[in-house]
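Trainee: Fold the following.
(one chain, ligands or ions: 1)
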Amino acid sequence: MTETPARPLDDGRAIPAVGLGTWPLDDDAAEKAVAGALGLGYRLVDTAMNYRNETGTGRGIARSGVPREDVFVTTKVPGRHHGYEETLASFEESRRALGVEYVDLYLIHWPLPRVDKYVDTWRAMIKLREDGLVRSIGVSNFTAAHLDRLERETGVLPAVNQIEMHPLLVQDELRAVHTAKGIVTESWSPLARGRDVLDAPETVAVAAAHGVTPGQVVLRWHTQLGAVPIPKSADPGRQRENLDLSGFELTPREMARIAAGPQRRFGGDPDVHEEF
Ligand SMILES: NC(=O)c1ccc[n+]([C@@H]2O[C@H](COP(=O)([O-])OP(=O)(O)OC[C@H]3O[C@@H](n4cnc5c(N)ncnc54)[C@H](OP(=O)(O)O)[C@@H]3O)[C@@H](O)[C@H]2O)c1
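Mentor: All right, here's what the predicted structure looks like:
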């Protein structure tokens, strides 16, 4: 079994260095993928109310036999539930679906700046943490301006910002903001959904030089930048590969080489993307 070392969070807790993404698995597929991944040594599982697989994810955790306290469970409040009372109710729905007493990390899925309720939503997250129902609170897809506003209006910064990040979207500026504010970067679509990155000649060449796979090179690139990648795989072989990132180190030149291409997003622009 591969052990995943943890990264410290600013709230005194810690997050495993690599996790398992569960979108777009349905309940049955999520149950199988999560149980299998935990058996391989994964200790961080990422879901969201909007993935509609919290029930399967919870079943997978229970089926794995890994003690609940050893699993770092993340879920997210959807756009349609922004607002103070709505977030508290949404959390309860997620908690029941997952079948857990508490959630390790609760995130605001998207900021939805036009709706303009993310500060009230954040106040509810703070309350959930105070009540012990959530261990750590964070956000997803927040820009530097959104983070500044949370800090200014509530005095509480997120422990984590989960953002789109891969070698085609290196996020240098936002990661520098995170570092300055003590926020851990979690990277979603860390493999760029398998498109254009894993088969890039630079990635393939670096992988061959180290005797590892392109996926391992890309995930190692994340961890060397201090980010926590949450690759999704439902395949036991690729799950194992994605967790096994020790035993080699990328040089600064290799780090630059695999991320030298033109930058582009695969997902939404946080300033305008609306997902309810
Ligand atoms: N916060 C947000 O707004 C947000 C948005 C999107 C995603 N997410 C989270 O981030 C997670 C990961 O992102 P993602 O699923 O979009 O993309 P990803 O993890 O970059 O890529 C997943 C795809 O790559 C394949 N794959 C996995 N490991 C591989 C490997 N070693 N070699 C080759 N192919 C591999 C998977 O197929 P197989 O299953 O067949 O291996 C799947 O098709 C999601 O599952 C979700 O939990 C969050």
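Trainee: Mind listing what's buried along the helix or strand where residue 88 lies?
Mentor: Secondary structure from DSSP states H and E places residue 88 in helix 84-98. Across helix 84-98, burial judged by 16 or more other C-beta atoms under 10 Å covers 84, 86-88, 90-91, 94-95, 97-98. Every C-beta, even on glycine, is put in place using the N, C-alpha and C of the backbone.
Trainee: now, which of those sits nearest residue 33?
Mentor: residue 98 (15.1 Å; C-beta to C-beta).
Trainee: For burial, what's the neighbour tally of the residue lying closest to that closest one once chain neighbours are set aside?
Mentor: Nearest-residue entry for residue 98: residue 58, 3.9 Å, with adjacent residues in sequence omitted and distances by C-beta to C-beta, 6 or more residues apart in numbering. For residue 58, the neighbour count with other C-beta atoms under 10 Å is 25.
Trainee: same deal with residue 226?
Mentor: For residue 226, using other C-beta under 10 Å, the count is 13.
Trainee: and the residue lying closest to it once chain neighbours are set aside, what element?
Mentor: Closest residue in space to residue 226, ignoring its immediate chain neighbours: residue 185 at 6.8 Å, by C-beta to C-beta, 6+ apart. Residue 185 is part of strand 184-188 when elements are defined by DSSP H and E.
Trainee: do you know how far residue 45 is from residue 99?
Mentor: To residue 99, residue 45 is 13 Å away according to C-beta to C-beta, to the nearest Å.
Trainee: Stretch 56-64 and the ligand in contact?
Mentor: No - judged by C-beta under 6 Å from any ligand atom, stretch 56-64 makes no contact with the ligand; its nearest approach is 9.9 Å.
Trainee: Distance check, residue 26 against the ligand.
Mentor: Applying C-beta to the nearest ligand atom, to the nearest Å, the value for residue 26 to the ligand is 13 Å.
Trainee: go on, residue 20?
Mentor: 8 Å.
Trainee: quick one: contacts for that residue?
Mentor: 33-34, 37, 42, 44-46, 230-233, 239 (C-beta atoms under 8 Å, 6 or more residues apart in numbering).
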